[in-house]
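Need coordinates for the following:
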Amino acid sequence: MKKAFVLVVLFIFPLVAYLFFASGINNFGRLPILTENIPNVSELDNGVNLDDKITILGFLGSDIEQKKGNAFNLNQKIYKRFSEFNDFQIVMIVPEGTEDKVKSLKDELGALSDVDKWNFAYGSEAEIKTFFQGLKTGLYLDENLGTSYVFIIDKDRNLRGRNDDEDEGVKYGFSTTSVAELNNKMEDDVKIILAEYRLALKKNNANRSK
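Numbers count the residues shown, from 1 in each chain. Okay, the predicted model is just below:
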């Protein structure tokens, strides 16, 4: 009996646990779509594109120095964790005329990590406001056209988030002022969407090989 129990613990239980969690990923591992088909950043700046990318989208505003700490939090807690994925990028929308401030920020971020997947799109005040309204989040830009919130955008330009968040109910964005929120919520949600695409890719490859 003792040997049988040991065999169950060592071999059967891990298998059951694996099947349980694998089933959970398949059935519950999709991040809800909160806003479909948001505008493409290329409408503001044709050098940046959201299509076919998993994008962390943000709005730094004109006072980039004030938002520098937010950018560093995002870089350390999210970007460095996921920048190895080919389809991952960060896009920050900033007002025209902030090019020098953006260069200074990228230089400082570059001292900590590779910043090849940090992209900046420039627009006028009217363009940025219109674009932000297209996210349909109920949030607002500050007087400098910035916000501390960043948003997860999938490859089809859908805004992903939470519809059952324990604190906010519907959660459209993640505050870059809160390291805890980036660690405990945003990191998990980025993992989910990456796993979702990896699973879809495996299924497509399996179907092609049949």
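
hey, let's count contacts and neighbours off CA atoms from now on
Will do.

Chain neighbours aside, what residue packs nearest to Phe36?
Just to correct that, residue 36 is Glu rather than Phe. Asn158 (4.5 Å; Cα to Cα, 6 or more residues apart in numbering).

pLDDT weak spots in this protein?
Applying pLDDT under 70 to the chain flags residues 1-29, 200-210.

quick one, domains of it?
1-30, 33-209 (automatic domain parsing).

Determine which stretch of those domains is the most buried.
domain 33-209 (a mean of 17; mean count of other Cα atoms under 10 Å).

Distance from it to the middle of the chain?
The chain centroid and the centroid of domain 33-209 are separated by 5 Å under Cα atoms, centre = their mean, to the nearest Å.

please begin residue numbering at 755 from this point
All right, first residue 755 from here; so that's domain 787-963.

and Asn873, helix, strand or coil?
Three-state call for Asn873 (DSSP: H, G, I helix; E, B strand; the rest coil): strand.

what's near enough to touch Asn873?
Val802, Gln843, Ile844, Val845, Met846 (Cα atoms under 8 Å, 6 or more residues apart in numbering).

Present the residues you listed as JSON lines; the columns should include secondary structure and distance to Pro793.
Formatted as JSON lines, the contacts of Asn873 follow (DSSP: H, G, I helix; E, B strand; the rest coil; distance: Cα to Cα, whole Å):
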{"residue": "Val802", "secondary structure": "coil", "distance to Pro793": "12"}
{"residue": "Gln843", "secondary structure": "strand", "distance to Pro793": "17"}
{"residue": "Ile844", "secondary structure": "strand", "distance to Pro793": "16"}
{"residue": "Val845", "secondary structure": "strand", "distance to Pro793": "13"}
{"residue": "Met846", "secondary structure": "strand", "distance to Pro793": "14"}
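
nearest to Arg784, of these?
Comparing the contacts of Asn873 against Arg784 with Cα to Cα places Gln843 closest, at 19.7 Å.

So what pairs up with the closest one in the strands?
Per DSSP bridges, the residues bridged to Gln843 are Thr809.

what sits against it?
Contacts of Gln843 by Cα under 8 Å, 6+ apart are Lys807, Ile808, Thr809, Ile810, Ser837, Lys871, Trp872, Asn873.

again, 7 Å this time
Lys807, Ile808, Thr809, Ile810, Lys871, Trp872 (Cα atoms under 7 Å, 6 or more residues apart in numbering).

Show me which of the residues you listed is closest to Lys855.
Nearest member of these to Lys855, counting by Cα to Cα, is Trp872, at 14.3 Å.

and the gap between the residue nearest to the closest one when sequence neighbours are not counted and Gly927?
Using Cα to Cα, 6+ apart and skipping residues adjacent in sequence, the residue nearest Trp872 is Ile844, 4.9 Å away. If you measure Ile844 against Gly927 using Cα to Cα, to the nearest Å, the figure is 14 Å.
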